[in-house]
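Novice: coords please:
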Amino acid sequence: MIHTVALFPVLDTLLIECLRSCSKEDWKRYTLARKWTVKDVAAHLLDGNIRTISMLRDGHFGEPPGAINSYSDLVDFLNKLNAEWVSAYKRVSAELLIEQLETTGLEFCACMASLDPMAEAIFAVSWAGETRSLNWFHVAREYTEKWHHQQQIRTALGMPEPLMVPELFDPFISTLLMGMPHALRNSKAGEGSVLRMEIISASLLRWQWKKTGEGWVLIEEAEVGYNGNTIAGVTEKETNDAGMIATASIRIPAELAWQLFTRAINPLEAMERVEIDGSKELAREALGMVAVMA
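Specialist: Residues are numbered from 1 along each chain as shown. Down below sits the predicted model:
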């Protein structure tokens with residue numbers, strides 16, 4: 001379980017402080033969300049607050065979406081909703097937008113805190129391949145949405161540092177990487193292959209996945225080495241005997257990782273900016289993971 005409920009008020013406080021510091025020109029700056037400006041992304045965050053309150057507090061889910069027969073149908077539907085809201089909010093002042101974000105943020109946090117973390121969520125985390133999810137994962141997914149959209153704003157304004165602290169970044173990236181087994185589901189890597197990933201941040205974060213007959217599973221760090229090097233006290237002989245030498249090892253700077261896995265940059269571009277040892281093919285498949293609805 002990744003605990004994120006207590007972090008929502010922290011994110012909201014930082015968001016309001018950031019937006020209140022914006023000049024009129026700052027609101028017009030384009031972000032990594034392609035055609036969206038700082039104001040557009042802020043409006044999208046408000047939309048997320050209002051939709052969540054309407055559904056969780058009031059049981060209102062809006063107009064039926066019509067026929068949703070595939071993942072791409074769902075993405076198209078959500079993109080349409082997002083675009084409609086952002087377009088409408090172009091007629092709303094920045095000052096009023098901040099007021100509404102502050103007010104609805106409090107109720108949004110209360111909704112997240114009210115959920116039983118081990119109960120079934122109203123929506124599954126589709127990008128992780130789940131058809132049913134527990135609330136703790138749903139809440140963590142909502143945290144990644146708030147984190148990465150605020151970071152899009154902050155990157156456009158040249159002030160990304162506050163969200164990169166371990167308290168806020170580590171649970172964000174840990175949640176995104178819950179989607180790695182699903183992202184690798186069609187990998188041609190053989191059974192027994194091991195993928196190792198390091199995110200170079202204020203706290204060096206490491207994950208290892210092994211391909212089994214049932215798919216890719218997360219394994220403990222002490223179980224895997226790379227090219228005969230010792231890892232976490234495991235000797236070269238022990239690692240080799242266990243057959244757990246990493247098939248591919250990837251090191252990614254934190255500021256690149258969040259953009260990559262939220263589809264702000266192209267995986268092919270990322271390949272040129274990360275350190276890769278071992279299988280380039282497996283690394284390419286891993287770097288293609290997308291942990292947003294896209």
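Novice: where are the low-confidence patches of the stretch 101-250 of the chain?
Specialist: 221-244 (pLDDT under 70).
Novice: could you pull out the helices for the stretch 151-294 of the chain?
Specialist: Assigned by DSSP state H, counting those that start in this stretch, the helices in the stretch 151-294 of the chain fall at 166-176, 180-183, 236-242, 254-261, 267-271, 280-287.
Novice: which of these is buried the deepest?
Specialist: Ranked by mean neighbour count, these are led by helix 254-261 with a mean of 22 (mean count of other CB atoms under 10 Å). C-beta: built from backbone N, CA, C; applies to glycine.
Novice: got the angle for that one vs helix 166-176?
Specialist: 30 degrees (axes from the mean of the first three to the mean of the last three CA atoms, to 10 degrees).
Novice: Would you mind pulling the contact partners of helix 254-261?
Specialist: 32, 147-148, 151, 160, 164, 169, 172-173, 176-177, 179, 199-202, 252, 264-265, 267, 270, 273-274, 287, 289-292 (CB atoms under 8 Å, 6 or more residues apart in numbering).
Novice: hmm, 6 Å instead?
Specialist: The set of residues that contact helix 254-261 without belonging to it, under CB atoms under 6 Å, 6 or more residues apart in numbering, is 176, 199, 201, 265, 270, 273, 289, 291.
Novice: Taking these, tell me the two that lie furthest apart.
Specialist: Spatially, the most separated pair among these is 273 and 291, at 18.5 Å (CB to CB).
Novice: thinking again about what came up before, closest one of the contacts of helix 254-261 to residue 54?
Specialist: residue 291 (24.7 Å).
Novice: how many other residues sit next to the closest one?
Specialist: A count of nearby residues for residue 291, using other CB atoms under 10 Å, gives 26.
Novice: Please apply the same query to residue 141.
Specialist: With other CB under 10 Å as criterion, residue 141 counts 27.
Novice: what residues are up against the residue lying closest to it once chain neighbours are set aside?
Specialist: Computed as CB to CB, 6 or more residues apart in numbering, the closest residue to residue 141 that is not its neighbour in sequence is residue 125, at 5.0 Å. Residues near residue 125 by CB under 6 Å, 6+ apart: 133, 137, 141.
Novice: hey, C-alpha coordinates of the helix or strand hosting the second one in PDB?
Specialist: Secondary-structure assignment from DSSP states H and E places residue 137 in helix 135-157. Presented in PDB, the C-alpha positions along helix 135-157 are these (Å, rounded to 0.1, in the frame of the first residue of the first chain):
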ATOM      1  CA  ASN A 135      -9.300   2.500  -2.700                       C
ATOM      2  CA  TRP A 136      -5.700   3.000  -1.600                       C
ATOM      3  CA  PHE A 137      -4.600   2.600  -5.200                       C
ATOM      4  CA  HIS A 138      -7.400   4.800  -6.600                       C
ATOM      5  CA  VAL A 139      -6.400   7.500  -4.100                       C
ATOM      6  CA  ALA A 140      -2.700   7.100  -5.000                       C
ATOM      7  CA  ARG A 141      -3.700   7.500  -8.700                       C
ATOM      8  CA  GLU A 142      -5.500  10.700  -7.800                       C
ATOM      9  CA  TYR A 143      -2.400  11.900  -6.000                       C
ATOM     10  CA  THR A 144      -0.300  11.300  -9.200                       C
ATOM     11  CA  GLU A 145      -2.800  13.400 -11.200                       C
ATOM     12  CA  LYS A 146      -2.600  16.300  -8.800                       C
ATOM     13  CA  TRP A 147       1.200  16.000  -8.500                       C
ATOM     14  CA  HIS A 148       2.000  15.900 -12.200                       C
ATOM     15  CA  HIS A 149      -0.400  18.600 -13.300                       C
ATOM     16  CA  GLN A 150       0.900  20.900 -10.600                       C
ATOM     17  CA  GLN A 151       4.400  20.100 -11.800                       C
ATOM     18  CA  GLN A 152       3.500  20.900 -15.300                       C
ATOM     19  CA  ILE A 153       2.500  24.400 -14.100                       C
ATOM     20  CA  ARG A 154       5.700  24.700 -12.000                       C
ATOM     21  CA  THR A 155       7.900  23.600 -14.800                       C
ATOM     22  CA  ALA A 156       6.400  26.300 -17.100                       C
ATOM     23  CA  LEU A 157       7.100  28.800 -14.400                       C
END
